[in-house]
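Undergrad: The sequence isn't on hand, but the structure is:
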């Protein structure tokens, strides 16, 4: 009904799997025996403490779980007026405040060293194009792995269309070097069709978040020969996104 993304639905699902498992141990009730009166503010606070203390979730993850429960409680409030008072008390459980860490990023020369992957192999060619597009666009991992061949427009002004969070789409310009890399990649891989992933695995399926994180980790390890300080840094795909933003700002 709310047309939320599949990722949001999956997050809500995971929240209630955890909630119902906690209720089984805390209340001794099977999920089929749960009632609205069981989801009290005290029970909800205990569940959130369990996430932090026992599962070692961060405050951010805790708040994501609470947001999912709140969404359900607001849904229930319009349909179960008899327990509106209990629902309102549960909705009053506050989000937890937390300190935001400083945004990490790599200087341009370091990110270019990470992108400098040998292209003697098919995987090396793909990984160099992967990191080039990540730094060129500042895209999220989920957006990069969803790029299809048809999403790339090559011409006098080349661009790529990204499918972002909340079903939002945006078109971003490509550098001339990135456009040439895409053109060369497609020339070497004529089997790629318009609706297939631009950056597939060897089996032709889209890359996963874990794939991207692993390939980036290997690229950073190789770049430590030129910049040893990279060995002490935790370089994630999101750091590449931050590096794009800082590069644009500095320019």
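TA: Good, I have the coordinates. Bear in mind the structure is a predicted one, so any value in this text is a computation, not a measurement.

Undergrad: which of the residues in the helix or strand containing residue 109 are buried?
TA: Residue 109 belongs to helix 108-115 when elements are defined using DSSP states H and E. Within helix 108-115, the residues that qualify as buried are 110-115, counting by 16 or more other CB atoms under 10 Å. C-beta coordinates here come from the backbone N, C-alpha and C atoms, glycine included.

Undergrad: Could you do stretch 174-187 as well?
TA: Neighbour counts over stretch 174-187 (16+ other CB under 10 Å) mark 174, 178-179, 181-182, 185 as buried.

Undergrad: Do a quick rundown of the helices in the chain.
TA: Per DSSP state H, the chain has helices spanning 6-26, 41-53, 59-77, 84-91, 108-115, 122-137, 141-144, 176-188, 209-223, 237-250. These are given in chain order.

Undergrad: And the most far-flung residue of the chain relative to its centre, how far from residue 76?
TA: With CA atoms, centre = their mean as the measure, the chain has its most outlying C-alpha, relative to the mean C-alpha position, at residue 82: 39.3 Å. Distance of residue 82 to residue 76, computed by CB to CB, to the nearest Å: 11 Å.

Undergrad: Overlap in contacts, those two.
TA: A shared contact of residue 82 and residue 76, defined by CB atoms under 8 Å, 6 or more residues apart in numbering, is any residue touching both; here there are none.

Undergrad: gap between the residue farthest from the centre of the chain and residue 245?
TA: Separation of residue 82 from residue 245 (CB to CB) stands at 50 Å.

Undergrad: What of residue 75?
TA: 37 Å.

Undergrad: Report pLDDT for the residue nearest to residue 117 when sequence neighbours are not counted.
TA: Nearest residue to residue 117 in three dimensions, chain neighbours excluded: residue 128, at 4.3 Å (CB to CB, 6 or more residues apart in numbering). According to the prediction, residue 128 has pLDDT 97.

Undergrad: what sits against the residue farthest from the centre of the chain?
TA: Under the criterion of CB under 8 Å, 6+ apart, residue 82 has no neighbours.

Undergrad: All set now, cheers.
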